[in-house]
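1. using only what follows, build the 3D model:
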Amino acid sequence: MTTLFYILLILAPVALIYSAFTVIKARSQGKSIKKSVRMNLLVFAALIVMISLMSVSVFAADNGETAQTEQTQTAEAADSGASKGMGLLAAGLVTGLAGIGGGIAVAAGAPAAIAATAEDPKSFGKSIIFVALGESIALYGVVISILILQKV
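-> As a prediction, this is how the structure comes out:
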């Protein structure tokens, strides 16, 4: 089970890079990239789901093997390994999703802030606040993942 997990971890970046190259190739040939981007997002979502399921099953399989070999292990200790795995998965998801959300917010706010500052230099202070608010989304995600890791 763990070898399948490691193979998936190796194949996941390869699949993402290949799908990104198909988008770049479609763009360079002058084709509409909507279909390619849709396929890229589908591959990304499928890989996230597969890696999540595999990581949960690897943690569960490791717990089962150790519970059989060590007879002194209680049911509470067996559950703690699975909860640790889920906690690590949750911390990773929180950080990743918050980073994506912060990136989207900064990608929308920063060009508008630059344009507003170019037109009126006095608006720099107001416009930088909106960029910082978008960036704070990612920082909140990091704080929440640190809190999750403290509980694990």
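2. surely Ala91 is in contact with Leu149?
-> Yes - at 5.2 Å, Ala91 and Leu149 qualify as touching, with contact defined as C-beta atoms under 8 Å. (Each C-beta comes from the backbone N, C-alpha and C, glycine too.)
3. settle it for me: which of these two has more neighbours?
-> The neighbour count for Ala91 versus Leu149, taken as other C-beta atoms under 10 Å, is higher for Ala91 (21 against 16).
4. show me what contacts the nearest residue to that one once chain neighbours are set aside?
-> Nearest in space to Ala91, with sequence neighbours left out and distances taken as C-beta to C-beta, 6 or more residues apart in numbering, is Ser145 at 4.0 Å. Contacts for Ser145 (C-beta atoms under 8 Å, 6 or more residues apart in numbering) come out as Ala90, Ala91, Gly92, Val94, Thr95, Ala98.
5. likewise Gly87?
-> Ile148, Leu149, Lys151, Val152.
6. out of the residues you listed, who has the most neighbours?
-> Ile148 (19 neighbours).
7. now it, nearest residue through space, not along the chain?
-> With C-beta to C-beta, 6+ apart as the criterion, Ile148 has its nearest non-adjacent residue at 4.4 Å, and that residue is Ala91.
8. thanks a lot, see you next time.
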